[in-house]
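1. For reference, the sequence and a predicted model appear below.
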Amino acid sequence: MATSPEGTKPAVKVFVATTVMLTFISFWRASAIVLSDLASSAYYAGGDAEKVIGKSAPWFILAVMLFSYAVRALYIESSSMFVRGGVYRVVKEAMGGTLAKFSVSALLFDYVLTGPISAVSAGQYLAGFIKDIGAYFFHRTLSFSDDHFAAGLAVIIVCYFWWKNTQGIHESSQKALQIMAITTVMVVILIIWCTITVLRAPVQLPPNPLHAGVIPLNKESLGWLNGTWFSHWIWIIAFVGFGHSVLAMSGEETLAQVNREIEHPKLKNLEKTGLVIFVYSLLFTSLVSFFAVMIIPDSVRPDFFANLIGGIAMYLVGPTSLKLLFHGFVVLVGVLILAGAQNTSIVGANGVLNRVAEDGVLTSWFQKPHHRYGTSYRIINLIVCLQLLTIVLSRGDVYQLAALYAFGVIWSFTMKSLAVLVLRFTEPGNRAWKVPGNLHIGKTEVPFGLMAISAVLLMTALVNLFTKYEATIAGLIFSAVFFAIFTISEHHVAKERHGKPEQLDQFRVYGNQELGSGAMGVRPGNILVAVRDPRNLYYLRHVLGHTHTGKQDVVVMSARLYHREHSFSGSAVLEASQVFDHYEQELFTAAVAVAEKEGKPISLLVVPATDVFEAIMVTAQRLDSSRVICGLSNKLTADEQAKLTGDAWERLPEPRPRLIMEVCAPDGTVREFALGPHTPRMRPQDVELMHRLWLNITADPKYAGAHHYHIVALALEELQRELTTEQRAQLLQKLQEEINRSNPELK
């Protein structure tokens, strides 16, 4: 470190590390991101379900949306255990790597189909609107294939978001919030207008699905079960209807992905996010399906299965021009939210595969950063190529995509629920929230609620396995291929890493950054936390737990020590690899995990130095920190740490900051030291002695104007004088005796 001339603050060359985690969002923004995926299914789920299981489909859609809250409880429980509580992590912890790789393969099948079905559905809505415009203004029916038009638009949407994700410009929470605000306006208008329409005309509710003959029993609905004795069981038929409607619940995995970005208090905000998602999707998705059956005439409704909300808009009461205007609004919102779901599918798949790669299942080839943008472009390319292939093979047929889509949705949910259930017995602790419905039998807690949810999901998955035969064949082939890729790749990674898989975050490091006031976007008065051991970050957790990071920033720094012969002057240029290697990556991965758990942001900093105490003090001075926090050393006492830090403070150029240093011990005790001149803490007996001296002196009216500080000043001056005489040794001996009998907490 180099000291600037004329006593100014020293110039500091540091290395700033960043990761995608460093900002956190409110539960409203988290809800918007999940709903961009989940609520988009309202545009196609009801029509696809009715096409297969008839007019009773709205009841199954409603059942799925009610059951989705139970599934969401699974995600809340797993997220309370693991901040990054996606399917892969939870299944691996509970049931091992083999089933984890299968669950991720099924989840990827979900993501590969989420994008195309959303983009194609947007094309179907736009095609229908264009035809309605032609019929209204030109009094003619425009003749073109809705499917081919939808496929063409879907390809454009996928390519657009491929480029954006390659650049690293992901869908922001602010944009998601804006899209959901516009969507909410549309939903409110739709519900009010549909309610008026229903009240003005005699309508009937959808038929009871449990009545005989309501659900068509044919090859399309029963698949391989058609003609078997299973097709006569009413509860099997109920699960058939439920399974054909389950894609209305897609997007739940996004909740696990966004959990790490939810702000403090994380668990409460996660619960609020789940509630917002439940209420919104329940009203939107289920009501759309009910209104479609009640408002669109039976004779023409099959024409609108791929364009259900557009069909509702054109059969509302009111002038045609107004209905056409609202239809345009529906299409605009649909294109926005469905395109957002396409983007979310790329972001989600990219995040899942990066997590798998960090765990040693994919080779580093997949994670090679883009030479310009630094993104994992090879993973993005793989996902986008699969999505484009899916669109081309389906030719824009949204029903075919929907039939395939449910495989990944239901099997990823099933594996997740079974994993959480297993963890209830293998790891009964380590969770701040549990799925309700737990009864104690003796000393054993039996999770009946969790078992019921798992049973419903498993039964639905098994029924779907036989009734959605196209999805079963395609899903199993896709999962088998990716399972093989994961297995082979994991074998190569194990050989490269000598059998020691690592789970470390990837950081972008900006080297030789000059640290000054306002650097890194850190505000004055911040807290500087010095870290050195990734396994002992208890004090960072304590700091984040007791700091309002909206008002006071937290900077986490690590000092990279070098020998004295190294120079850190302003002219020295160091490479990032010289100061940020495996140790720093491991250290900051642990720090990021603590920050994610607390839901609070931190800034990461590596400072090259020859003396750790000097590095801490210089950094605190340059950042205008108000407090320095460190852990108790294994080699030094708290007093020795404070002394060395205080000596480093004395070497700082003026103006030296007034700082508080805290040394935190693993048992929770905290020693606080004021650095630099400060008002000393005094024991009661010291205050009493000073007061008695003051009384003695002021008893003489001549010295009645004396104050306590005059007594202290006189005593200090006398001590200073006597330390220069032959009495110095005797005085220091008395000082040592006083230290030995003093209360250590007041040192």
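-> Received it, and whenever you're ready, just let me know what you need. Residues are numbered from 1 along each chain as shown.

2. for whichever strand or helix holds A615, what is the average pLDDT?
-> Following DSSP states H and E, one finds A615 within helix 612-623. For helix 612-623, mean pLDDT rounds to 89.

3. show me what contacts the closest residue to A306 other than its chain neighbours?
-> Excluding its sequence neighbours, the residue lying closest to A306 (CB to CB, 6 or more residues apart in numbering) is Q124, at 4.4 Å. For the C-beta atoms, the positions are set from N, CA and C on the backbone; glycine is no exception. Contact analysis of Q124 by CB atoms under 8 Å, 6 or more residues apart in numbering lists Y44, D146, D147, A150, A306, N307, G396, V398.

4. between the residues you listed, which is nearest Q585?
-> Checking those against Q585 by CB to CB gives Y44 as the nearest, at 43.0 Å.

5. got a pLDDT number for that closest one?
-> Looking at Y44, its pLDDT reads 87.

6. That one: how many residues sit nearby?
-> A count of nearby residues for Y44, using other CB atoms under 10 Å, gives 30.

7. element containing the residue nearest to A306?
-> With the criterion set as DSSP H and E, the secondary-structure element containing Q124 is helix 97-137.

8. And A519, what's its pLDDT?
-> The per-residue confidence score, pLDDT, reads 55 for A519.

9. actually R651, not the one I typed
-> In this prediction, R651 carries a pLDDT score of 89.

10. Which residue comes closest to it once chain neighbours are left out?
-> Distance criterion CB to CB, 6+ apart; nearest residue to R651, sequence neighbours excluded, is E614 at 6.8 Å.

11. swap in P209?
-> S56 (3.6 Å).

12. The residue nearest to A306 and L325: what is the separation?
-> In this structure, Q124 lies at 20 Å from L325, with CB to CB, to the nearest Å as the measure.

13. try L623
-> Counting by CB to CB, the gap from L623 to L325 is 56 Å.

14. Tell me which of the two has more neighbours.
-> With other CB under 10 Å as the criterion, L623 and L325 differ in neighbour count, and L623 comes out ahead with 29 against 12.

15. That one touches L528, doesn't it?
-> Yes: taking contacts as CB atoms under 8 Å, L623 lies within contact range of L528: 6.5 Å.

16. what touches both of those two?
-> V555.

17. Just after the helix or strand hosting A150, pick out the following helix or strand.
-> Taking DSSP H and E as the definition, A150 sits inside helix 146-167. Tracing the chain past helix 146-167, the next element assigned as helix or strand by DSSP H and E is helix 173-200.

18. If you count contacts, what does that following helix end up packed against?
-> With contacts defined as 3 or more CB pairs under 8 Å, 6 or more residues apart in numbering; DSSP states H and E, the secondary structure elements packing on helix 173-200 are helix 27-38, helix 287-295, helix 308-314, helix 320-358.

19. follow-up on the earlier one: any chance of the contacts of Q124 in a markdown table with distance to V481 as columns?
-> As requested, these are exported to a markdown table (distance: CB to CB, whole Å):
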| residue | distance to V481 |
| --- | --- |
| Y44 | 26 |
| D146 | 31 |
| D147 | 27 |
| A150 | 27 |
| A306 | 29 |
| N307 | 34 |
| G396 | 24 |
| V398 | 24 |
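
20. For D639, what is the enclosing helix or strand?
-> helix 638-650.

21. tell me the angle of the helix or strand just after that helix relative to helix 612-623?
-> The helix or strand immediately downstream of helix 638-650 is strand 659-664, counting by DSSP H and E. Relative orientation of strand 659-664 with respect to helix 612-623: 130 degrees, computed using axes from the mean of the first three to the mean of the last three CA atoms, to 10 degrees.
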